[in-house]
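Participant: got a predicted structure here, sequence first:
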Protein chains: 2
Amino acid sequence: MKYPGKANGEYKAIINYSNRGMTLEEDINITNEYYRNIDKAIIYKKPTPITISKVEYNGNKERVIKEAYFKIPSTTDYNGIYKGKYIDFEAKETKLKYFPLINIHKHQIEHLKRVSKHGAIAFLIVRFTTLNETYYLDIKDLTYYLDNIKKSFVSHDFFKEKGFLLKEKYNPRIDYLSTIDDIYFKGDFYEKEK
Amino acid sequence: MKYPGKANGEYKAIINYSNRGMTLEEDINITNEYYRNIDKAIIYKKPTPITISKVEYNGNKERVIKEAYFKIPSTTDYNGIYKGKYIDFEAKETKLKYFPLINIHKHQIEHLKRVSKHGAIAFLIVRFTTLNETYYLDIKDLTYYLDNIKKSFVSHDFFKEKGFLLKEKYNPRIDYLSTIDDIYFKGDFYEKEK
């Protein structure tokens, strides 16, 4: 059984460090840890949002949650700071050959649009597991797609055209900050954005 | 009983909107909601970090957490974006007439220092409940205090000297962004920081 906020997910990811077949979440957690270790960026995954309805004390006088429910998140899973810029993103996997919009909550897309308007670097990381491809898709491009192409999914072709294929390496596993460097911190695009 | 991530804390705060005697957390949640509503800043409280060890399905086929433990947070409670800058802070209350450092985790202070080094606006909001005073204290000033005054607490005098008293109003309850405007977005300080 897989559920969000899996116990010790991060720790397991670390000890299975060199293994293939990790989930996107595990890859990103390791990548963010790597970035923090080399002091390149301070980006964390947020805890899983829950509503707690019962807490008890156990024999060790430790508080134990005895009943809680998963909540629909108001925001995205990841945020932090890189080169002075606020970074905000959501990561999703799909087995399909397109990305169904049902995979991401509407208000998460709204959240990405809002922070982008406030000056954030905001994006999705989407992994097509059967194609073994992971893409960076900027919220500006996703917004264009949603506004102009009225479909319930984002096509793989759109990722190929407007997204950036993220190479998977040993370390960092998914170097999405080098893609952000290309997009935001050099050349014409950055000049335009300033 | 009071515990972090109290069920419906935010909702209760909203319906008790005009009441006095709210906790600092409730005041800040309402303030952040106000800022989001007027699109001034996008700042959220992070969910309470927990380790989930047992999940079951109930009669409605809904996943219910049946056992989970509170984790020591790696980061602070609040972050987001304001005027293009990454904002990061922790909020604490004390009944004492000084602020005991034991009230804040060491790695939370380290986190604030790190993000500040990366260009964030990072700070504490501390409420002295018996004095009915709430202060903004920039991480730079806290760092100075910790490096030079080797005590297990931060004195109230230091808050008066280096902190900024936050006025409590009807709406926004605690207008900490106007203090940030004064510190970071006008005059000499901002010029020095750029």
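Facilitator: Thanks, I have the structure now. Numbers count the residues shown, from 1 in each chain, chains lettered A, B, ... in the order given.

Participant: after the helix or strand containing A:Asp157, next one along is what?
Facilitator: Using DSSP states H and E, A:Asp157 maps to helix A:156-162. Per DSSP H and E, the first helix or strand lying C-terminal to helix A:156-162 is strand A:164-165.

Participant: distance from that following strand to the middle of the chain?
Facilitator: Relative to its parent chain, strand A:164-165 has a centroid offset of 14 Å by Cα atoms, centre = their mean, to the nearest Å.

Participant: pLDDT on that strand, on average?
Facilitator: The average of the pLDDT scores along strand A:164-165 is 98.

Participant: what about the very next helix or strand once past that strand and chain B, touching?
Facilitator: Moving toward the C-terminus from strand A:164-165, the first helix or strand encountered (DSSP H and E) is helix A:176-184. No: Helix A:176-184 lies apart from chain B when judged by Cβ under 8 Å from any Cβ of the partner chain; the minimum separation is 12.5 Å. All C-beta atoms are positioned from the backbone trio N, CA, C, and that covers glycine.

Participant: hey, C-alpha coordinates of helix A:176-184 in CSV?
Facilitator: In CSV, the C-alpha atoms belonging to helix A:176-184 read as follows (Å, rounded to 0.1, in the frame of the first residue of the first chain):
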residue,chain,number,x,y,z
TYR,A,176,16.3,20.5,-12.1
LEU,A,177,18.3,23.5,-10.9
SER,A,178,20.6,23.4,-13.9
THR,A,179,17.4,23.6,-16.1
ILE,A,180,16.3,26.6,-14.0
ASP,A,181,19.8,28.1,-14.6
ASP,A,182,19.2,27.7,-18.4
ILE,A,183,15.8,29.2,-18.3
TYR,A,184,16.0,31.9,-15.6
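
Participant: counting by contacts, list what that helix packs against.
Facilitator: Secondary-structure packing of helix A:176-184 (3 or more Cβ pairs under 8 Å, 6 or more residues apart in numbering or on different chains; DSSP states H and E): strand A:121-128, strand A:133-138, strand A:164-165, helix A:187-193.

Participant: and these, which one is worst for confidence?
Facilitator: helix A:187-193 (a mean of 49).

Participant: same question for whichever strand in chain A runs longest, mean pLDDT?
Facilitator: Ranked by number of residues, the top strand in chain A under DSSP state E is strand A:85-94. Averaging pLDDT along strand A:85-94 yields 98.

Participant: hmm, that strand touching chain B?
Facilitator: Yes: contact of strand A:85-94 with chain B (Cβ under 8 Å from any Cβ) involves A:85-86, A:88.

Participant: closest to chain B among these?
Facilitator: Chain B has its nearest neighbour among the residues of strand A:85-94 next to chain B in A:Tyr86, at 4.1 Å by Cβ to the nearest Cβ.

Participant: hmm, A:Ile121 and the closest one touching each other?
Facilitator: Yes: between A:Tyr86 and A:Ile121 a contact is recorded at 7.2 Å, counting by Cβ atoms under 8 Å.
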